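> dropping a prediction and its sequence here:
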Amino acid sequence: MWVKKGVVYKPDGTLPHSLSHAQVPFAYKHKDFLRVYFSSRDASGQSRPTFIDVDYEDPSKILYIHDKPVLELGGPGEYDETGAMPAWFVDMPNGDIWLYYTGWNRTHNSYRLSMGLSVSKDGGLTFEKMFKGPIMDRSIQNPIWAAQPSVMREDDGTWRMWYISGHKCEYIHGYPEPFYRGQSATSKDGIHWDISDIPTLDFDDFLHAVGRPSVFKENGIYKMYYSYRNATDYRTDRNQSYRLGYAESTDGETWERKDNLVGIGKSDNPEDFDYQMINYANYYEHNGKKYLLYNGNGFGAAGFAYAVWED
């Protein structure tokens, strides 16, 4: 099971690009330290990616806080004009780092999400958009939107992606609430993707939305941590809000939910940062130990924490 070790980081409000939120943390491994990228918000509530560096043996020990975003927002009319949320980082053979991210467009009553790709040529300190347009967007397969990919390059050169796909909106308490499920895709170049017709994580009586898949491969089995919630009152009712789930697959396309094996849940202490919700996990390993980064209350407003696996 996962043993919670406490909050790692929450913005203190002194950096203009990072007044609040440390959302969707991603563990990027350097030789001597762990870099954790996350999405943070400015005074307008617009998201941009930034990072902190922490100690491998004690991730609560912060070594460095970056003082600017690593990727800027898109221009007028572009898919990432009002937000750029990091999703997944991939090391390329030539030393570049690719960042798959979610571009935000605010609409008159809600928001629309698309999937972008950017590249860093300075070791991850800055990223530039590779294309003015998104690599995946609203389509026949993604009727409302597409976002938050987890990406893997297989040994045979095949690229795999697991992401969240918006399929409908319904007005609930006067607000258009999106319903989104897990979906997968494959690619030959990491840019152009063929979307599977098989849902990775499909809707049921409770699962109306899937948050941030985090996929890794262990002993030939694809394994995924994800978060899921209901569409009604999920912001205020902890019984309806995000909780973490776990699933496995032998082929990367057809998945079996095994939520009873997730090994971590919301705290029962109202004072804790993950009492109201727990979400957006990212799995990594170091020196034979397994770690989980995750968010708690307020969709990342309460910062992110880490847990260590103990048999």
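It's in. Numbering: from 1, shown residues only.

> just checking, residue 181 touches residue 162?
No: the pair residue 181 / residue 162 is not scored as a contact, 11.2 Å apart, by C-beta atoms under 8 Å. For every residue, glycine as well, the C-beta is placed using N, CA and C.

> which residues do these two both contact?
Jointly contacting residue 181 and residue 162 under the rule C-beta atoms under 8 Å, 6 or more residues apart in numbering are residue 200.

> so the closest residue to residue 290 other than its chain neighbours bridges to which residues?
Leaving aside its sequence neighbours, residue 290 sits nearest to residue 309 (C-beta to C-beta, 6 or more residues apart in numbering; 3.7 Å). Per DSSP bridges, the residues bridged to residue 309 are residue 2.

> what does residue 54 give?
Counting by DSSP bridges, residue 54 forms beta bridges with residue 34, residue 62.

> and it, what does it touch?
Contact analysis of residue 54 by C-beta under 8 Å, 6+ apart lists 8, 9, 33, 34, 36, 60, 61, 62, 63.

> do the same with residue 60
5, 6, 7, 8, 54, 306.

> one more pass at 7 Å, please.
With contact taken as C-beta atoms under 7 Å, 6 or more residues apart in numbering, residue 60 is in contact with 5, 6, 8.

> most surrounded residue in the contacts of residue 54?
Of all those, the highest neighbour tally under other C-beta atoms under 10 Å goes to residue 36, namely 24 neighbours.

> related to what we said a few turns ago, looking at residue 181 and residue 162, which has the bigger crowd around it?
When neighbours are counted by other C-beta under 10 Å, residue 181 and residue 162 differ, and residue 162 comes out ahead with 30 against 19.

> residues contacting the more buried one?
149, 150, 182, 184, 200, 213, 215, 224.

> the fourth one: what secondary structure?
Using DSSP: H, G, I helix; E, B strand; the rest coil, the three-state assignment for residue 184 comes out as strand.

> so which of the contacts of residue 60 belong to strands?
Applying DSSP state E to the contacts of residue 60, the entries found in strands are 5, 6, 8.

> wait, isn't residue 104 in contact with residue 47?
Yes: shown here, residue 104 and residue 47 form a contact pair, counting by C-beta atoms under 7 Å, at 6.5 Å.

> so between these two, which is more surrounded?
residue 47 (27 against 24).

> what's around the closest residue to the more buried one other than its chain neighbours, how many residues?
Leaving aside its chain neighbours, residue 47 sits nearest to residue 83 (4.2 Å; criterion: C-beta to C-beta, 6+ apart). By other C-beta under 10 Å, 24 other residues sit near residue 83.

> if I look at residue 83, how far off is residue 24?
12 Å (C-beta to C-beta, to the nearest Å).

> re the thing from before, identify the contacts common to residue 104 and residue 47.
Contacts common to residue 104 and residue 47, judged by C-beta under 7 Å, 6+ apart, are 83, 85.

> strands of the stretch 151-300 of the chain, start to end?
For the stretch 151-300 of the chain, the strands defined by DSSP state E, counting those that start in this stretch cover 159-172, 175-187, 193-195, 209-218, 221-229, 243-249, 256-257, 279-286, 289-295.

> what residues does the nearest residue to residue 274 once chain neighbours are set aside make contact with?
Closest residue to residue 274 apart from its sequence neighbours, by C-beta to C-beta, 6+ apart: residue 296 at 3.4 Å. Going by C-beta under 7 Å, 6+ apart, residue 296 touches 273, 274, 277, 278, 302, 305.

> phi, psi for residue 296 please.
Main-chain torsions, residue 296, degrees, to the nearest 10: phi -130, psi -130.

> what pLDDT does it get?
Confidence at residue 296, expressed as pLDDT, is 97.

> now swap in the one 5 residues further on and tell me
On pLDDT, residue 301 comes in at 97.

> check residue 225 too.
Looking at residue 225, the pLDDT reads 98.

> can you offset everything so residue one is 55?
Got it, first residue is 55 now, which makes that one residue 279.

> isn't it up against residue 297?
No: between residue 279 and residue 297 there is no contact under C-beta under 7 Å: 11.4 Å.

> those two: who's more crowded?
residue 279 (24 against 21).

> ok, what's across the strand from that one?
The partner list for residue 279 in beta bridges (DSSP bridges) reads residue 268, residue 300.

> what residues are up against it?
Here residue 279 is in contact with 268, 298, 300, 335, 337, 346 (C-beta under 7 Å, 6+ apart).

> state the distance from it to residue 216.
11 Å.

> about what we covered before: I'd like the contacts of residue 108 written out as a markdown table, with pLDDT and distance to residue 97 added.
Output for the contacts of residue 108, formatted as a markdown table (pLDDT from 0 to 100; distance: C-beta to C-beta, whole Å):
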| residue | pLDDT | distance to residue 97 |
| --- | --- | --- |
| 62 | 98 | 24 |
| 63 | 98 | 20 |
| 87 | 97 | 30 |
| 88 | 98 | 29 |
| 90 | 98 | 23 |
| 114 | 96 | 28 |
| 115 | 97 | 29 |
| 116 | 98 | 24 |
| 117 | 98 | 27 |
